[in-house]
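In: how would this look folded up:
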Amino acid sequence: MNQVVFLVDVDNTLLDNDRIQADIKAYLERRYGAPCRDRYWAILEELFQELGYRDYLGALQRYRVEHPQDMHLLSMSSFLVDYPFANRLYPGSLDVLERLRQWGPTVLLTDGDVVFQPRKVERSGLSEAVNSHVLIYIHKELALDDVEARYPALHYVLVDDKPRILAAVKEAWGNRVTTVLPRQGQYAHNVNALASFATPDVTVDRIGDLLDYDLGRLLAAAPLFEAAEVKR
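Out: Down below sits the predicted model:
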């Protein structure tokens, strides 16, 4: 049984996913025109509503079904697969992972498809930074039993940009988890989302700000957390 396990999200937590999306939109408009960009993005959003994550390659497949004779957009897959994800890491991301690993097992906990998301995690260097401890689910907040089975711990620290996810895990694990919100990306700045869900135990402006925390301060942030439960 581990004393503490750190679970860290990827998109807009360690990696600037909003910037990646902006790059994809710009590429689509530049190469294929605004109508193609808009239709592809509409399909992508439809899939997001169905699946709960953005399936970039799945959206490409659906676009192809609608336009079976259009060969141009097929090159879009190369842009997605070869995208320089390492250039979109937030400052301090790798340093934070290194610090967390000094305190306990550190795992990337993310949602996504079975092709693009693993590619993103690998090419960004994040998988190597956590020694390949990567969990990719469809809805991670519904897979907590599996997370516990794979990485049993007395206490967890979850770092995620989505207030909804942090609140769901807090409800499930209670004082066994310290929730950390880096205020990066569209979800962390959504006023309605912030008002709708429980306040995270820790909020930082940037992921790199976690370098200012020591383990004791981080664990003590969880309300009613019994610090003696975990040997530091």
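In: Flag the shaky bits of the chain, pLDDT-wise.
Out: The model of the chain has pLDDT under 70 over residues 188, 223-232.
In: where do the helices sit along it?
Out: With helices called from DSSP state H, the chain shows them at 17-32, 34-51, 56-66, 76-81, 93-103, 116-123, 126-129, 144-150, 163-173, 185-188, 191-196, 215-220.
In: Residue 109 is nearest to which of those?
Out: Taking CB to CB, helix 144-150 is the member of these nearest to residue 109, at 6.8 Å. Any C-beta I mention is one placed from the backbone N, CA and C, and that applies to glycine too.
In: What are the buried residues along the closest one?
Out: Using 16 or more other CB atoms under 10 Å as the test for burial, helix 144-150 gives 144, 147.
In: What of stretch 174-194?
Out: For stretch 174-194, the neighbour count (16+ other CB under 10 Å) marks 176-185, 187-188, 194 as buried.
In: Quick one: distance of that stretch to the chain centre.
Out: With CA atoms, centre = their mean, to the nearest Å as the basis, stretch 174-194 stands 12 Å off its chain's centre.
In: Tell me the span between the first and last residue of it.
Out: Using CA to CA, to the nearest Å, one end of stretch 174-194 lies 19 Å from the other.
In: and what of stretch 179-192?
Out: 19 Å.
In: what comes into contact with that stretch?
Out: 11-13, 16-18, 90, 157-164, 166-167, 169-170, 193-194, 200-207, 209-210, 218, 222 (CB atoms under 8 Å, 6 or more residues apart in numbering).
In: Pull out the buried residues from those.
Out: Buried by 16+ other CB under 10 Å: 11-13, 16-18, 90, 157-163, 166-167, 169-170, 194, 200-204, 207, 209-210, 218, 222, out of those.
In: Would you mind measuring from the residue of the chain most remote from its centre to residue 146?
Out: Among the C-alpha atoms of the chain, the one most distant from their mean position (CA atoms, centre = their mean) is that of residue 69, at 35.4 Å. Going from residue 69 to residue 146 by CB to CB, to the nearest Å gives 43 Å.
In: still on that earlier bit, what is the nearest of the buried residues of stretch 174-194 to residue 3?
Out: Nearest to residue 3 among the buried residues of stretch 174-194, counting by CB to CB, is residue 176 at 12.0 Å.
In: and the residue nearest to that closest one when sequence neighbours are not counted, how many neighbours does it have?
Out: Spatial nearest neighbour of residue 176, chain neighbours left out: residue 155 (5.7 Å); criterion: CB to CB, 6 or more residues apart in numbering. Residues near residue 155, counting by other CB atoms under 10 Å, number 22.
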